[in-house]
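*Asks:* I would like the atomic coordinates for the input below:
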Amino acid sequence: MKKNDEKWSVFWCSLLHPIIFNEIDQSQVNKYLKNLSQKEVVFPDGQKKKPSLSTLRRKLNQYLTGGFEGLFRKSRSDIGIPRSASQEIIDKAVEIKRDQPKRSHQAINLFLDEYYQTNLKRSTLYRHLKANGATRLKLGVVKKKVRCRWTREIPNDLWVGDFSYGPYVLVDGETQPTYLSLFIDCYSRYVVEGRYYLRQSLDVVIDTLLRAWSVHGLSNDLYLDNGKVYHANALKAACYAMHIRLIHRSVGDPSPGGLVERLFGTGQDQFESEVKAGDILTLDTLNRAFSAWLHTVYHENVHSETNEKPIDRFNNARKQMKPVDMDVAREFFMPTVKRVVNRDFSDVSIKNQHFKVDPKYRGDKVIVKYDPFSEMKKVLIFSENEVYLTSAHLYHREKRDDIATPVPQGKPKHNLIELMMRKHEQQIEAKVQGMDYSKIAGSNQWPFASFVQKLAWLMGRKGGVSAFSAEELNMLNEIFDKHPQLTEHKLILAFERAEVKNVSHVAHELQKLNNE
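*Replies:* Just a heads-up that it's a prediction; the model follows:
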């Protein structure tokens with residue numbers, strides 16, 4: 001017996017009390033019920049209304065037939081039997097959850113959509129998973145606590161950034177740890193930029209910021225951790241120059257940090273758990289997969305706090321977008337250091353990394369300039385008079401052999417990484433199909449498809465148009481429209497001049513060529 005059943009049974013018995021205990025003559029029962037149906041009474045759920053005559057008669061019959069317990073609500077005969085989906089779909093959902101316990105309902109629905117072209121509501125899915133002992137709690141997965149966070153009223157008002165440890169990747173046949181650097185918009189929960197690196201340092205923060213600025217403009221405020229790397233003068237100078245208020249986490253650890261930390265937790269549960277369960281990836285593949293997860297899962301699903309999709313809320317950012325002069329931004333972040341070429345090893349050391357220099361410069365004092373936004377594969381060597389001498393490439397004085405490649409255990413049957421990347425490619429194809437190629441071809445002698453394919457080749461990417469994200473294709477479309485006399489020669493020259501080999505820097509060099 002449920003407590004609610006008892007309350008309702010007592011209510012009906014109190015109304016029918018004179019009949020139940022024979023306080024009125026049997027011939028007066030119908031008259032009593034009719035009079036009772038004309039009176040307003042307060043029901044157990046708080047409603048004040050008149051009980052219908054048919055209901056009173058039914059309740060009286062239930063009591064006379066089954067007694068006090070006869071007034072209890074009857075249990076459904078189909079309890080435990082799926083009604084909104086077939087048993088086959090429920091069994092498949094349970095199988096997918098057991099295959100990788102940290103999968104969210106969005107991830108499971110990606111598979112259900114792929115296999116059955118259907119989705120299950122979160123509450124329905126959870127109910128069946130719980131009934132089959134396939135929830136995170138039942139499967140031994142503990143979820144981290146979530147702290148309170150700030151909020152803002154408009155997009156691009158506050159960006160929150162931080163580092164997080166990522167999965168191991170293969171680099172030159174060896175495993176190395178990665179670090180996820182990202183910035184998230186406080187209002188929309190949209191990730192304006194995020195990628196994995198092989199280190200966590202100021203140049204990584206700057207690289208992440210420049211990528212975000214080049215696509216989404218500037219934010220009004222920037223919230224960072226209180227670590228030493230975030231107090232660099234170059235970062236402060238750049239923020240002052242571009243009128244960005246730089247905020248650091250205080251000793252009391254206020255709430256905005258929880259916003260990005262929760263995102264890290266979501267990414268670890270939904271994305272990194274899939275990566276770690278499969279074959280070890282390269283850094284490039286890891287970043288491509290992470291971008292696919294952001295675009296197909298995280299940005300496209302309703303956030304539990306905003307009750308909106310991050311992509312929908314952030315679309316309003318176009319109205320508040322503050323353009324940035326990338327030349328001005330880069331000036332603050334181009335480090336130059338003086339070194340002496342090592343006489344024994346003929347190399348220079350930058351941030352505990354060694355770069356091999358031509359032996360004829362051993363013992364010379366040189367100036368080293370490097371791109372802090374790249375993976376630091378190469379630096380440029382200049383004389384003391386700033387005359388270019390040569391380039392120096394990264395190498396290892398001693399090759400470590402004590403890092404073993406971990407053997408993947410229990411590779412999942414269902415590959416979410418491939419599914420997300422396939423859906424991401426479908427998004428790109430849909431974006432490309434929406435472009436007006438006839439309009440583009442009419443204003444340029446060089447075909448747009450050839451322009452994109454050539455740039456992909458220069459950047460070391462495979463696949464032509466599919467090598468770029470939807471956002472990058474939008475930028476390429478704008479570049480192509482602005483340069484009607486664009487040629488392959490101009491593109492190659494602009495790429496060679498670009499200090500950072502990405503779309504925004506190449507676009508800047510093309511503009512400089514036109515001005516010349």
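*Asks:* nearest residue to Val42 in space, please, no chain neighbours.
*Replies:* Lys48 (5.2 Å; C-beta to C-beta, 6 or more residues apart in numbering). Yep, even glycine has a C-beta here, placed from its N, CA and C like the rest.
*Asks:* quick check: that neighbour touching Lys39?
*Replies:* No: with contact defined as C-beta atoms under 8 Å, Lys48 does not reach Lys39; the gap is 10.8 Å.
*Asks:* need the helix or strand of the chain with the lowest average pLDDT.
*Replies:* helix 437-443 (a mean of 48; mean pLDDT, DSSP states H and E).
*Asks:* next SSE after that helix?
*Replies:* helix 448-458 (DSSP states H and E).
*Asks:* dump that following helix to PDB, restricted to CA.
*Replies:* Extracted in PDB, the C-alpha atoms of helix 448-458 (Å, rounded to 0.1, in the frame of the first residue of the first chain):
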ATOM      1  CA  PHE A 448      37.000  28.300 -55.800                       C
ATOM      2  CA  ALA A 449      37.400  24.600 -55.400                       C
ATOM      3  CA  SER A 450      41.000  24.800 -56.800                       C
ATOM      4  CA  PHE A 451      41.800  27.600 -54.400                       C
ATOM      5  CA  VAL A 452      40.600  25.600 -51.400                       C
ATOM      6  CA  GLN A 453      42.400  22.400 -52.600                       C
ATOM      7  CA  LYS A 454      45.600  24.300 -53.100                       C
ATOM      8  CA  LEU A 455      45.400  25.900 -49.600                       C
ATOM      9  CA  ALA A 456      44.700  22.500 -48.000                       C
ATOM     10  CA  TRP A 457      47.800  21.100 -49.800                       C
ATOM     11  CA  LEU A 458      50.000  24.000 -48.600                       C
END
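*Asks:* how far does it sit from the chain's center?
*Replies:* When distances are taken as C-alpha atoms, centre = their mean, to the nearest Å, helix 448-458 is centred 28 Å away from the chain's centroid.
*Asks:* next one: the nearest residue to Pro51 once chain neighbours are set aside from Ile19, what distance?
*Replies:* Distances taken as C-beta to C-beta, 6+ apart put Ser37 closest to Pro51, at 5.9 Å, once the chain neighbours are dropped. In this view, Ser37 and Ile19 are 13 Å apart by C-beta to C-beta, to the nearest Å.
*Asks:* kindly report the same for Lys92.
*Replies:* Counting by C-beta to C-beta - Lys92 and Ile19 are separated by 54 Å.
*Asks:* what ranges of the stretch 101-250 of the chain fall below the confidence cut-off?
*Replies:* Within the stretch 101-250 of the chain, the stretches with pLDDT under 70 are 142-151.
*Asks:* so the closest residue in space to Tyr32 that isn't next to it in sequence: helix, strand or coil?
*Replies:* Take Tyr32 and drop its neighbours on the chain: the residue closest to it by C-beta to C-beta, 6+ apart is Ile24, 5.7 Å away. With DSSP: H, G, I helix; E, B strand; the rest coil as the basis, Ile24 sits in coil.
*Asks:* report how many residues lie close to Ile24.
*Replies:* 12 (other C-beta atoms under 10 Å).
*Asks:* Glu69 too?
*Replies:* 12.
*Asks:* measure Ala392 to Lys338 for me?
*Replies:* Distance from Ala392 to Lys338, by C-beta to C-beta: 14 Å.
*Asks:* more neighbours: which of those two?
*Replies:* The neighbour count for Ala392 versus Lys338, taken as other C-beta under 10 Å, is higher for Ala392 (25 against 10).
*Asks:* thought Ala449 was touching Ala456?
*Replies:* No: when contacts are counted by C-beta under 8 Å, Ala449 is not listed as touching Ala456 (10.6 Å).
*Asks:* mind listing the shared neighbours of these two?
*Replies:* The contact sets of Ala449 and Ala456 overlap at Gly464, Val465 (C-beta atoms under 8 Å, 6 or more residues apart in numbering).
*Asks:* who's more crowded, these two?
*Replies:* Ala456 (18 against 14).
*Asks:* give me the nearest residue to that one, chain neighbours excluded.
*Replies:* According to C-beta to C-beta, 6+ apart, the nearest residue to Ala456 is Ala467 (4.1 Å).
*Asks:* which residues are in contact with that neighbour?
*Replies:* Counting by C-beta under 8 Å, 6+ apart, Ala467 has contacts Ala456, Met459, Arg461.
*Asks:* please enumerate the strands of the stretch 51-200 of the chain.
*Replies:* For the stretch 51-200 of the chain, applying DSSP state E, counting those that start in this stretch gives strands covering 158-165, 169-171, 174-176, 179-185, 191-197.
*Asks:* would TSV of the ones you listed with distance to Lys423 and mean neighbour count be doable?
*Replies:* Shown next, in TSV, are these (distance: least, C-beta to C-beta, whole Å; neighbours: other C-beta atoms under 10 Å):
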stretch	distance to Lys423	mean neighbour count
strand 158-165	24	22
strand 169-171	23	17
strand 174-176	29	14
strand 179-185	21	24
strand 191-197	17	22
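*Asks:* closest one to Phe264 among the ones you listed?
*Replies:* Proximity to Phe264 (C-beta to C-beta) singles out strand 158-165 among the strands of the stretch 51-200 of the chain, at 4.2 Å.
*Asks:* other SSEs contacting the closest one?
*Replies:* Counting contacts by 3 or more C-beta pairs under 8 Å, 6 or more residues apart in numbering; DSSP states H and E, strand 158-165 packs against strand 179-185, helix 202-216, strand 221-224, helix 256-267.
*Asks:* again, only using 7 Å
*Replies:* With contacts taken as 3 or more C-beta pairs under 7 Å, 6 or more residues apart in numbering; DSSP states H and E, strand 158-165 sits against strand 179-185, strand 221-224, helix 256-267.
*Asks:* now the angle from the longest one to strand 158-165?
*Replies:* Per axes from the mean of the first three to the mean of the last three C-alpha atoms, to 10 degrees, the angle that helix 256-267 makes with strand 158-165 is 50 degrees.
*Asks:* next one: the helix or strand that helix 256-267 is followed by to chain centre, how far?
*Replies:* For helix 256-267, the succeeding helix or strand toward the C-terminus, using DSSP H and E, is helix 273-277. For helix 273-277, the separation from the chain centroid amounts to 16 Å (computed by C-alpha atoms, centre = their mean).
*Asks:* need the contact partners of helix 273-277.
*Replies:* Residues outside helix 273-277 that contact it (C-beta atoms under 7 Å, 6 or more residues apart in numbering): Gln100, Lys102, Pro167, Leu281, Leu286, Ala289, Gly410, Lys411, Pro412, Leu416, Ile417.
*Asks:* the nearest residue to the third one once chain neighbours are set aside: neighbour count?
*Replies:* Distances taken as C-beta to C-beta, 6+ apart put Val275 closest to Pro167, at 4.8 Å, once the chain neighbours are dropped. Here the number of neighbours of Val275 (other C-beta under 10 Å) works out to 24.
*Asks:* gap between Val275 and Leu198?
*Replies:* 16 Å.
*Asks:* wouldn't Leu419 be in contact with Asp113 here?
*Replies:* No: Leu419 lies out of contact with Asp113 (C-beta atoms under 7 Å); the separation is 9.5 Å.
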